[in-house]
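>>> Mind looking at a prediction? Sequence and model below.
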Amino acid sequence: MSSHAFDDKFDSVEIRFIDELKKIRTGRANASILDGVKAEVYGQLTPIIHLATVSVLDAQTLQVSPFDPSNLSVISAAVRNSQSLGLNPADDGRVIRIPIPPMTTERRQTVVKQVREKVEEANIAMRNIRHDLIKHAKQQEKSKDMSEDELKKFEKSVDEKLNQIKSNISQLAQEKEAEIMKV
């Protein structure tokens, strides 16, 4: 197995982690915090970003402009019912304004815990990928498709990639935690 074959597996963990970080609210308006919110429209759950334009009005306010005005109340309800966000949207019949409340110290600490949970989820995913790759390589070595030296070299390259991605994720998490704790 070439080293490039497993790079994508580890890179996908990092990409998924970055996407998860975008959904975590920091107390400042950021359109990507609505990325995970879906509204039931036309009988199916649809991401809000497919139903409306989400823009940042100012540091504390998001504006959602539905493509179809008849979806206004459904989108508003979906945002309100998204417990993890804790937002209270208001609409004027044309657009939805979502005030982003300042975070309390307690809420900041809770959000930092969420970041750390996401780091742990990413680490578990990477350990599982590593385990599967090494297991597969050992099977190849056992069936003489790979020499013992090739196996050791492969394990070393897997561990190097794993450590690189772990370092990247750790750095991203520290930056996000700093952003969250900044008042």
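Perfect, thanks for sending it. Residues are numbered from 1 along each chain as shown.

>>> element containing the residue most central in space within the chain, please.
For the chain, residue 20 is the residue whose C-alpha lies nearest the centre (Cα atoms, centre = their mean; 1.2 Å). Assigning secondary structure by DSSP states H and E places residue 20 in helix 3-22.

>>> which parts of the helix or strand following that helix are buried?
Moving toward the C-terminus from helix 3-22, the next helix or strand (DSSP H and E) is strand 38-41. The neighbour-count check on strand 38-41 (16 or more other Cβ atoms under 10 Å) flags 38-39, 41 as buried. Just so you know, the C-beta spots here come from the backbone N, C-alpha and C atoms, and that holds for glycine as well.

>>> which parts of the helix or strand containing residue 149 are buried?
Counting by DSSP H and E, the element that carries residue 149 is helix 148-181. By 16+ other Cβ under 10 Å, the buried positions in helix 148-181 come out as 151, 154, 157-158, 161-162, 165-166, 168-169, 172-173, 176-177, 180.

>>> for that helix, the distance to its chain's centre please.
A distance of 17 Å separates the centroid of the chain from that of helix 148-181, by Cα atoms, centre = their mean, to the nearest Å.

>>> For that helix, name the packing helices and strands.
For helix 148-181, the packing partners by 3 or more Cβ pairs under 8 Å, 6 or more residues apart in numbering; DSSP states H and E come out as helix 3-22, helix 105-142.

>>> what packs against the longest one?
In terms of contact count using 3+ Cβ pairs under 8 Å, 6+ apart, helix 105-142 is assigned the packing partners helix 3-22, helix 148-181.

>>> Which residue of the chain lies farthest from its centroid?
residue 144 (40.5 Å).

>>> Helix, strand or coil: sort out that one for me.
coil (DSSP: H, G, I helix; E, B strand; the rest coil).

>>> same question, residue 83
Here residue 83 is coil, with the state taken from three-state DSSP.

>>> For it, what are phi and psi?
Per-residue torsions, residue 83: phi -60, psi -40 (degrees, to the nearest 10).

>>> Quick check: pLDDT value at it.
Listed pLDDT for residue 83 reads 75.

>>> Count the neighbours of it for me.
By other Cβ atoms under 10 Å, 6 other residues sit near residue 83.

>>> Can you give me the domain assignment for this protein?
The chain breaks down into these domains under automatic domain parsing: 3-21+104-181, 28-99.

>>> Quick check: which ranges of the protein have low pLDDT?
Applying pLDDT under 70 to the chain flags the ranges 1-4, 25, 183.
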